[in-house]
Each structure stands twice: as C-alpha cells, then as structure tokens.
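Trainee: Provided below are the primary sequence and the corresponding predicted coordinates.
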Amino acid sequence: MTDAGAILPLRLGVNIDHVATIRNARGGDHPDPLRAAKLAVEAGADGITAHLREDRRHIGDKDISALKSELDCPLNLEMAATAEMLDIALDHRPHACCIVPEKRSELTTEGGLDVAGQVSDIKPYIDQLRAAGIRVSLFIDPDAHQIEAAKACDADVIEIHTGTYCEAAFTRDEAGLERELGRIEQGAALAAQAGLEVHAGHGLTYDTTGPVASIPEIVELNIGHFLVGEAIFSGLDSSVRRMRGLMDKARANVSGARSA
Ligand code: PXP
C-alpha cells in the first residue's frame, strides 16, 4: 500500500524452470525455456524468474544468457549465495537476484533462507549485488526475526515462502491453512512497515493464489511448477492468463473493500 492507502498493483513473475526440466529429460533443446518465457509475457506475466541451481538440474548457464539478452521484461535470477553464482550474476546483471537456500538432495527449495543466522555473510554478499545495480530479494519464511535480519542486511525485497501454506491446502488441513495464511499476512505487514518490498511464492496454484494475492502489501507473486503442469492440459498461454485473471480479481476485491 502507499501512504494514501491505495492498493499497489500485483505483478506476476512466471518461473520457467520446469520447462527446462522437461527439456533436460531428453537432452536437446525442446521445449525451449526462452520460447516459454516469451509466451508467458504475451499472456500477462510481468517478469520471468529462473533458478540456476548449483547442479544445473533444470535451467543452465546458456538459458540465463538467452533470457537476459532476448527478454524485454525484468529477469529475476534465483540462486544460492555462493561465489560462483555471484560471478554469474555480476556478469549478466539481471534486474533482480533472489537468494534462496539450496541443498543438492532436495526436490525443490524446502524452506526459507536462515538470514538471521548468517547476517555477517549475507550482508556483504548483498552489498556486492546492489553495488552492481541489482535488486536483491531474500526468500524467507514469514518470521519476525528473519524479516528483521533481512532489513539489517539491506535487502531490497523479501519473498515470503508460501510452501507450508500450500502444503496445508494440499493435505486439506483447514486449521493449518488459516494459521499459515495469518503468518504470511503478519509477515507481509511487518516487512512493509520496515520498508521492504514484499513478494511471495512457492507451490501456488489456482486454488491457493487468491488469498495471497489479496494481501495488499504483497506486490509480486512468483509461480512456476503449477503453471507449467497446467500447460500440459490447457497450454501455457491459457494457464498464465487464468492465473493472471485470478490475481487481478483478488486484487480488485481488496481495492473494492477498501473504497466501500
Ligand atoms: N519463488 C522462489 C524463491 C522459488 O525458489 C520458487 C521455486 O523455484 C518459486 C518461487 C516458484 O515455486 P513453484 O515452482 O512451486 O511455483
């Protein structure tokens, strides 16, 4: 929200990692993540997100070069806080870097980054990215001590990990769903008060996106696996357009409620 209480627009970042997962299952160059990224933008994405993992299990270095040189929209590079990734980021200068925790054994990013436990390592890392004009986001759980640590590190943005909330939806744990949504709401409000921009993502689907999109402090959602999965049934254009529509509807309801 602005000081005047107006609701800020909500951006959609489409994560194209799993287009690369399908490509890599056979090698070769089909399906092409860059083609998917362009299609997603035509369908209403405001930006493209890609996670360059240490093991390159989906997105590869060539994908990052192609996305950076061929896309007109902001590129959000997700990466672990390693020396290798810092060099790559400084080389390509994406619009933003989102620092995530990374374990080789995990199927996907399992939880938020422990910023509070490593401020003295993360702050100088962020300083180098920011000095190069790159916006820095930290992917964290919506806990007050992590948000305060993100502020202490001079991050521009926090991205709230919505995985636990989405897992509660998947297991039909109604109490958990309400509790996790409450944590996301409180975390978003706290971070915005501290002057941090607030994003959210991980595991979001058509069913779980609306309540998160209704949190006025959140200005960007990053969504990937579900959109690429749905594209098998309806096409990527359709899945991105439908998600965009759900986000816009949820946001319009917030604006309506505020002005009523
Ligand atoms: N945001 C961050 C920081 C992530 O690491 C991921 C997964 O790579 C996402 C958003 C997107 O999650 P999903 O693919 O489950 O929509």
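Mentor: Right, received. Where do you want to start? Residues are numbered from 1 along each chain as shown.
Trainee: from here on, just use CA atoms for contacts and neighbour counts.
Mentor: Noted.
Trainee: in a helix, that's where residue 89 is, yeah?
Mentor: Yes: under DSSP: H, G, I helix; E, B strand; the rest coil, residue 89 falls within a helix.
Trainee: low pLDDT regions in the chain?
Mentor: Scanning the chain for pLDDT under 70 picks out the ranges 1-5, 104-109, 258-260.
Trainee: where along it do the helices fall?
Mentor: Using DSSP state H, the helices of the chain run over residues 17-26, 33-42, 61-70, 83-92, 119-131, 144-152, 163-170, 174-193, 206-213, 225-234, 236-259.
Trainee: show me what the third one is packed against.
Mentor: Contacting helix 61-70 under the criterion 3 or more Cα pairs under 8 Å, 6 or more residues apart in numbering; DSSP states H and E are the following elements: helix 33-42, helix 83-92.
Trainee: okay, which residue is most central for the protein?
Mentor: Nearest to the geometric centre of the chain sits residue 222, at 3.4 Å (Cα atoms, centre = their mean).
Trainee: OK, contacts around that residue?
Mentor: Shown in contact with residue 222 (Cα atoms under 8 Å, 6 or more residues apart in numbering): 12-15, 49, 199-202.
Trainee: same thing with residue 48?
Mentor: Residue 48 touches 13-16, 37, 41, 73-76, counting by Cα under 8 Å, 6+ apart.
Trainee: partner residues bridging it?
Mentor: residue 14, residue 75 (DSSP bridges).
Trainee: distance of it from residue 199?
Mentor: 14 Å (Cα to Cα, to the nearest Å).
Trainee: likewise for residue 86?
Mentor: On the measure of Cα to Cα, residue 86 and residue 199 end up 22 Å apart.
Trainee: gap between residue 159 and residue 126?
Mentor: For residue 159, the distance to residue 126 - Cα to Cα - is 15 Å.
Trainee: neighbour-wise, which of these two wins?
Mentor: Applying other Cα atoms under 10 Å to residue 159 and residue 126 shows that residue 159 carries more neighbours, namely 27 against 23.
Trainee: for that one, give its distance to the ligand.
Mentor: 7 Å (Cα to the nearest ligand atom, to the nearest Å).
Trainee: isn't that residue up against residue 200?
Mentor: Yes: when contacts are counted by Cα atoms under 8 Å, residue 159 is listed as touching residue 200 (4.7 Å).
Trainee: name the residues contacting each of the two.
Mentor: By Cα under 8 Å, 6+ apart, no residue touches both residue 159 and residue 200.
Trainee: turn the helices of the chain into a markdown table, columns for distance to residue 8.
Mentor: Putting the helices of the chain into a markdown table (distance: least, Cα to Cα, whole Å) gives the following:
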| stretch | distance to residue 8 |
| --- | --- |
| helix 17-26 | 28 |
| helix 33-42 | 20 |
| helix 61-70 | 27 |
| helix 83-92 | 28 |
| helix 119-131 | 24 |
| helix 144-152 | 21 |
| helix 163-170 | 23 |
| helix 174-193 | 12 |
| helix 206-213 | 11 |
| helix 225-234 | 24 |
| helix 236-259 | 9 |
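Trainee: closest to the ligand out of these?
Mentor: helix 225-234 (3.7 Å; Cα to the nearest ligand atom).
Trainee: centre of the chain versus that closest one, how much separation?
Mentor: 17 Å (Cα atoms, centre = their mean, to the nearest Å).
Trainee: same question, stretch 64-80
Mentor: Chain-centre distance of stretch 64-80: 13 Å, with Cα atoms, centre = their mean.
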